[in-house]
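# Just a sequence and a predicted model for now, questions to come.
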Amino acid sequence: MSSSILPLIRGVIELDDIDRMILRELQQDSRQSFTKIAQQIGVSTATVSERVKRLMNRGIICGYTAILNTAEMGMVTLIAKIKIKQGYSVDDVGGTIAEMAECCCVHHVTGEFDLLVISKCAGYDKCGNVIEAIKKVEGVEGVEAELVLKTLKEELKVEM
């Protein structure tokens, strides 16, 4: 089995039912208190606090943020598929692209392209600027880009 997949599998295996319940509650409303979460799942507040701290230390909980409806803000979603030149590192090229403020997600993917990048741009002109900036990154061979016309579902919650 690929060594890059093992940490993901280990992370899933090591989560117990209490961890999963805490994560479900936090995904529903990360602003709720540990006391409220404890009451919802039937454990002590101290247990929730300790588990959340451990989940954060393990990198499973990466942070807390407001989820914005970017379409209502007039932002455009850009999806770019990127082919990397032979001899260049996907991690290096992807890391450079990930530093761009507009880039929300950078995924190393299978198939014809090497990276899938999702960006949120303040208008169509800005999308063009982002595409051009990606093309200029050392190691990028080609970019195929698409603009999202309408978002039917967009959320970060995961089912466990």
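Nice, thanks for sending it over.
# What residues sit buried inside stretch 139-153?
139, 140, 143, 145 (16 or more other C-beta atoms under 10 Å). Backbone N, C-alpha and C define where each C-beta goes, glycine included.
# and those residues, which of them are in strands?
140, 143, 145 (DSSP state E).
# list the contacts for the last one?
Contacts for residue 145 (C-beta atoms under 8 Å, 6 or more residues apart in numbering) come out as 78, 79, 80, 81, 127, 131.
# if I look at it, how far off is residue 135?
Noted for residue 145: a distance of 10 Å to residue 135, by C-beta to C-beta, to the nearest Å.
# got JSON lines for the ones in strands among the buried residues of stretch 139-153, with distance to residue 29 too?
JSON lines is the format used below for those (distance: C-beta to C-beta, whole Å):
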{"residue": "140", "distance to residue 29": "40"}
{"residue": "143", "distance to residue 29": "38"}
{"residue": "145", "distance to residue 29": "35"}
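# Can you give me the domain boundaries for the protein?
Per automatic domain parsing, the domain ranges recorded for the chain read 6-57, 76-147.
# out of the ones you listed, nearest to residue 67?
Nearest to residue 67 among the domains of the chain is domain 6-57 (9.6 Å), distances taken as C-beta to C-beta.
# returning to that earlier point: single out the most deeply packed of the domains of the chain.
domain 76-147 (a mean of 16; mean count of other C-beta atoms under 10 Å).
# What's the mean pLDDT across it?
For domain 76-147, mean pLDDT rounds to 97.
# Ok, stretch 38-46 next?
Mean pLDDT, computed over stretch 38-46, is 97.
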